[in-house]
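**Q** Everything below, folded, please.
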Amino acid sequence: MAQQATVPDTAREPEGALKVHKLTFWEAAMIIVGANIGSGILGLPYSARLAGWPLLLLWLVLAGVLVTISMLYVAETSLRTRENLQLPGLASKYVGELGSWLVFISVVANSVGCMIAYMAGSGRILNELLGVSPQVGALIFAVPAILVVWKGLKVTGVSEKIISFGMIALLVLIIGASFLADSFDVNNAFFVGWRYAVPVFNVALFCYIAQYAVPELARGLRHDPKHLAPAIVTGMGITFVLLSLVPLAVLGLTGPEEVTEVATIAWGNKLGTWARLIANIFALLAMLTSYWAVGGSMLTNIVDKFRFKSEWDIKTRLLVLALVCVPPFLLAFSGAVSFVDAIYLAGTFGGVIMSIIPVMMLRSARKNGDAQPTWTAGKLGHPAIQYTIIIIFCAAAVYAILSMFGVLPAGW
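**A** Okay, the predicted model is just below:
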């Protein structure tokens, strides 16, 4: 049988509705960090207060490795494809329309759930800092959030790089102050509650949500595809460090009995007003960078799924941007949904889809891809690793659903 002809990766020509905007290595890596580090990181200490930091660290390592490998599957699939496609387009090409719709629903569910939290959270923070109503605070937050999404991939990459480095600096400052505080005791964090081990794994697993950004990075690094995988690994590595240090700092500072649902309150109670101010500014920046990554990804996924002529057609972009930005704002303040439950269920559903579909896409792309990639996942694509990812993600989802109905213990 003749081997299918492929086009060298360096010779690929951009096609379709999604245009190429070049990213640098650090812009790409910081899109990953910005997508992952949102309001959820400030809830990790509370989530881990019954299981203990060592178990959380173990699960952050395991979940981080599994999600990173899944992201690398998407990266190789993107590099084997000439056309600029988002996840629904890739799934349609390599898996079929059912897979495409499942991925699209997963993207939308996760994106809307996250943006509800960002709108509601930013409104509360600006209410505390400026004294405005939560709705007005959310509108203030929405201006830079929506503007950068409107400007597109390149502006998102530059903004993510600048703000993410500033965000990390603030976090290093407050974590360092926590470690140096007289009340800090590492023994407050170093205990293990095995009964709550599985729920904490679910939390850790769904803290890594940047899989949807991988096709965007592939598009932005089309000119330099060899740096796609290193950018993903670097971004996920920085994410892991931040997700690990915040719970250690807060639990060590307060102990499991006094930890608050939102870490900014715990820091303010123990370190003083300045720490609460810094923590709130960090939280705003974290939600802003996540909004950029999640909102931009949702916008291009809608363009890709419904095969609009061009993402830069003004009428198309205005319509899609409204679909992306308006519903989360309305839902955040309507009282119609519990956004905590919405995010949990969306993450559960998305986790299952994003464990199975990337495996299927990779297998098909290796047989039917139309470009020769400069990089492949290699042995990370071994069937044993693929099945492990699927089994663990699906088991976590089953546990999450059963715990919501009280059949199995929740983690908090």
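
**Q** where along the chain do the strands fall?
**A** 7-8, 371-372 (DSSP state E).

**Q** Among those, show the one with the smallest mean pLDDT.
**A** Mean pLDDT per stretch puts strand 7-8 lowest among the strands of the chain, at a mean of 47.

**Q** contacting residues around residue 271?
**A** 174, 177, 178, 181, 253 (CB atoms under 8 Å, 6 or more residues apart in numbering). Placement of C-beta: from N, CA and C, glycine included.

**Q** Same check on residue 275?
**A** With contacts defined as CB under 8 Å, 6+ apart, the neighbours of residue 275 are 174, 177, 267, 268.

**Q** where does the stretch 301-412 of the chain have low pLDDT?
**A** 335-349, 407-412 (pLDDT under 70).

**Q** Highest neighbour count among the contacts of residue 275?
**A** residue 267 (31 neighbours; other CB atoms under 10 Å).

**Q** Correct me if wrong: it contacts residue 250.
**A** Yes: shown here, residue 267 and residue 250 form a contact pair, counting by CB atoms under 8 Å, at 7.0 Å.

**Q** any residues in contact with both of the two?
**A** What both residue 267 and residue 250 touch, as defined by CB under 8 Å, 6+ apart, is the set residue 178.

**Q** Residue 235 versus the nearest residue in space to residue 225 that is not next to it in sequence, what's the distance?
**A** Of all residues beyond its chain neighbours, the one nearest residue 225 is residue 374 (4.9 Å), with distances taken as CB to CB, 6 or more residues apart in numbering. As judged by CB to CB, to the nearest Å, residue 374 and residue 235 stand 19 Å apart.

**Q** ok, the two, which is more surrounded?
**A** residue 235 (28 against 15).

**Q** Please name the residues that touch the more buried one.
**A** By CB under 8 Å, 6+ apart, residue 235 lies in contact with 28, 29, 30, 31, 32, 33, 36, 210.

**Q** Just the contacts of residue 271: which are in helices?
**A** The members of these that map onto helices under DSSP state H are 174, 177, 178, 253.

**Q** What pLDDT does the model give the last one?
**A** Residue 253 is assigned a pLDDT of 93 by the prediction.

**Q** neighbours around it, how many?
**A** Counted with other CB under 10 Å, the neighbours of residue 253 add up to 27.

**Q** Contacts only, for it.
**A** 178, 181, 183, 184, 188, 266, 267, 270, 271.

**Q** Throw those into TSV and include distance to residue 299 and pLDDT, thanks.
**A** Output for the contacts of residue 253, formatted as TSV (distance: CB to CB, whole Å; pLDDT from 0 to 100):
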residue	distance to residue 299	pLDDT
178	37	94
181	43	93
183	45	91
184	43	94
188	43	94
266	35	85
267	34	90
270	40	90
271	39	92
